[in-house]
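**Q** predicted structure and sequence below. I'll ask about it afterward.
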Amino acid sequence: MGKTLIVGGTKGIGGEIAQLLENKECVLFSREAYSVTSNNHVHYQLDVADGNFPDIEDISSIVYCPGTINLKPFRSLKVEDFQNDFDVNFLGAVKIIQYYQRSIVKS
């Protein structure tokens with residue numbers, strides 16, 4: 001079985017998933033510095049928006065957990081707010097999948 005890539009894997013839902021998979025081989029991405037607590041995990045500090053990803057072989061699954069949401073009244077939101085959310089929540093996932101699709105282990 002290959003590695004699980006968890007983008008946004010140090011806090012919130014991604015952090016919980018990483019904790020549940022502490023005995024499995026995982027690669028965690030986050031924008032902030034992080035010290036892994038499992039010998040099976042490796043962490044890379046990076047911003048998905050930059051598109052500078054490390055080469056990782058034998059990926060069996062990708063979990064994409066970064067996310068943004070503007071909790072303001074709709075009339076207060078600007079087009080830039082929607083664009084930022086779209087870039088992080090959708091295009092970030094597309095970039096990760098496109099880059100790592102060649103590394104995904106077929107079962």
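**A** Done, it's in. Source: prediction; values computed, not measured.

**Q** and the pLDDT for the spatially closest residue to V105 that is not a sequence neighbour?
**A** In this structure, V105 finds its nearest non-sequential neighbour in G2, 3.9 Å apart by Cβ to Cβ, 6 or more residues apart in numbering. No exception for glycine: its C-beta is placed from N, CA and C like everyone else's. Turning to G2, the model gives it a pLDDT of 90.

**Q** could you measure from G2 over to E57?
**A** From G2 over to E57 the distance is 8 Å, taken as Cβ to Cβ, to the nearest Å.

**Q** ok, those two, which is more surrounded?
**A** Neighbours were counted for G2 and for E57 using other Cβ atoms under 10 Å; G2 has more, 17 against 10.

**Q** from Q98, how far out is that one?
**A** Distance, G2 to Q98, using Cβ to Cβ: 18 Å.

**Q** what segments of this structure are helices?
**A** Ranges of helices in the chain, per DSSP state H, are 12-20, 79-86, 92-100.

**Q** of all those, which one is nearest S30?
**A** Across the helices of the chain, S30 has its closest neighbour in helix 12-20 (7.9 Å, Cβ to Cβ).

**Q** surely I59 touches V105?
**A** Yes: at 6.5 Å, I59 and V105 qualify as touching, with contact defined as Cβ atoms under 8 Å.

**Q** tell me which of the two has more neighbours.
**A** When neighbours are counted by other Cβ under 10 Å, I59 comes out ahead of the other of I59 and V105, with 18 against 12.

**Q** so the more buried one bridges to which residues?
**A** I59 has these beta-bridge partners by DSSP bridges: K3, I104.

**Q** state the distance from the residue in the chain sticking out farthest from the centre to D81.
**A** In the chain, the residue that sits farthest from the middle, by Cα atoms, centre = their mean, is R75; the gap is 30.3 Å. The gap separating R75 from D81 is 12 Å, by Cβ to Cβ.

**Q** can you check S38 too?
**A** Using Cβ to Cβ, one gets 36 Å for the distance from S38 to D81.

**Q** what does A49 give?
**A** The separation that A49 has from D81, given Cβ to Cβ, amounts to 16 Å.

**Q** over to Y44?
**A** Taking Cβ to Cβ, one finds Y44 at 28 Å from D81.
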